[in-house]
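Novice: structure here, sequence nowhere to be found:
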């Protein structure tokens, strides 16, 4: 709607593309068969799922039978982390200090079960320290789980290096790529990870659907018990329409990934330049180069990010801070990067997407600058 604020929260979720909706509609209106049924109704939905599986696989360079559909990135992470843990005698897992809660929580659960968890710190620009990764990954390590890119700063993590160290130690590697898939090229054969998580709603597909790439030969235990769906790793009758939509979104992403990446990076940099010109001492959180093309996380001096966004109803964005009755708590990711708590509270995450235009960027920059100038006394 014309009265809605400018949407700059694409790392939180993305809208369904019209072509994705069109792909889903027949499986909401007409094709209702159970994919496990052998008659024509079942074959239609089964074949649609397999076509979608092929689209997901093509986007990340895997084979179709290495894709397991899940309810989203969180389930994929849990299946990767806890499913691996259930099938190994090793009791050590290595992760980073800037992971998403969908990784933090299952790793913490393992720790409660007696696992030794090593959390590798990050440098000042938010990238896991490679020498520390090297030291942490030993012959006792069962799994390394490190995100592909950070959801708050967009910083790309040293997954390739983690794989090298893990191979030497005989450990599996999982990466949460929910923020990266569809924004930057990913080839699982090139990076050689064993497990990779995807969330449909982060790349213009439906919510409530995702996938786990499971490299052939990787041994997992199912977390739920039932029939033999999804190679027995994720039992339950499939969410056909959402799977079809997810597949369509992956096909679209693969088709124009490079072009869209270049376009949105230019808009992100335009937004940064306009804000930096208007606001003295504005600071960038994260690596200026090694990050997602759509992500801009900035620290506004002298204000709370939540206060600034409240004063800027023209845009919809987020901060990464946690709000509670006692006030705000600074983003754990920024604190892990060494950003002082008070400065971290002034941070705002601005993430761009397919519908972002030059006009929207210019209006957003002007609105944020006006609000900051009104809030900060001279």
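Specialist: Structure's in. What do you need? All of these numbers come straight from a predicted model, not from anything done at the bench. Numbering: from 1, shown residues only.
Novice: and the one helix or strand residue 118 maps to, what does it pack against?
Specialist: In this assignment (DSSP states H and E), residue 118 forms part of strand 116-120. The elements that strand 116-120 packs onto, with contact taken as 3 or more CB pairs under 8 Å, 6 or more residues apart in numbering; DSSP states H and E, are strand 92-96, helix 101-112, helix 130-136. (C-beta placed from N, C-alpha, C; glycine too.)
Novice: can you say which of these is packed in most?
Specialist: Greatest average neighbour count among the helices and strands packed on strand 116-120 goes to strand 92-96 (a mean of 26), per mean count of other CB atoms under 10 Å.
Novice: before we move on, back to that, what's the angle between the strand holding residue 118 and helix 101-112?
Specialist: Angle between the axes of strand 116-120 and helix 101-112 is 140 degrees (criterion: axes from the mean of the first three to the mean of the last three CA atoms, to 10 degrees).
Novice: buried set for strand 116-120?
Specialist: For strand 116-120, burial by neighbour count (16 or more other CB atoms under 10 Å) applies to 118-120.
Novice: what's the local residue count around residue 288?
Specialist: 9 (other CB atoms under 10 Å).
Novice: for the closest residue to it other than its chain neighbours, give me phi and psi.
Specialist: Residue nearest to residue 288 in three dimensions, not counting chain neighbours: residue 125, with 7.9 Å by CB to CB, 6 or more residues apart in numbering. Backbone torsions for residue 125, taken as degrees, to the nearest 10, come to phi -100, psi 10.
Novice: could you check how far residue 125 is from residue 163?
Specialist: To residue 163, residue 125 is 21 Å away according to CB to CB, to the nearest Å.
Novice: swap in residue 28?
Specialist: Computed with CB to CB, the distance linking residue 28 and residue 163 is 40 Å.
Novice: ok so, going back, out of the helices and strands packed on strand 116-120, which comes closest to residue 230?
Specialist: Each of those has some distance to residue 230 by CB to CB; the shortest is helix 101-112, at 18.9 Å.
Novice: how far does the strand holding residue 118 sit from the chain's center?
Specialist: 21 Å (CA atoms, centre = their mean, to the nearest Å).
Novice: list the contacts of it.
Specialist: Identification of contacts with strand 116-120 by CB atoms under 8 Å, 6 or more residues apart in numbering yields 91-97, 107-108, 110-111, 128-129, 132-133, 136, 140, 146.
Novice: surely residue 49 touches residue 240?
Specialist: Yes - with contact taken as CB atoms under 8 Å, residue 49 and residue 240 are classed as touching, separated by 6.3 Å.
Novice: how is the chain partitioned into domains?
Specialist: Using automatic domain parsing, the domain parsing of the chain gives 6-13+256-375, 18-253.
Novice: so residue 261 makes contact with residue 295?
Specialist: No - under the criterion of CB under 8 Å, residue 261 makes no contact with residue 295, lying 11.8 Å away.
Novice: okay, the two: which has more neighbours?
Specialist: Each of residue 261 and residue 295 had its neighbours counted (other CB under 10 Å), and the higher figure belongs to residue 295 (26 against 17).
Novice: quick one: contacts for the more buried one?
Specialist: Applying CB under 8 Å, 6+ apart, we find residue 295 in contact with 11, 153-154, 268, 286, 349-351.
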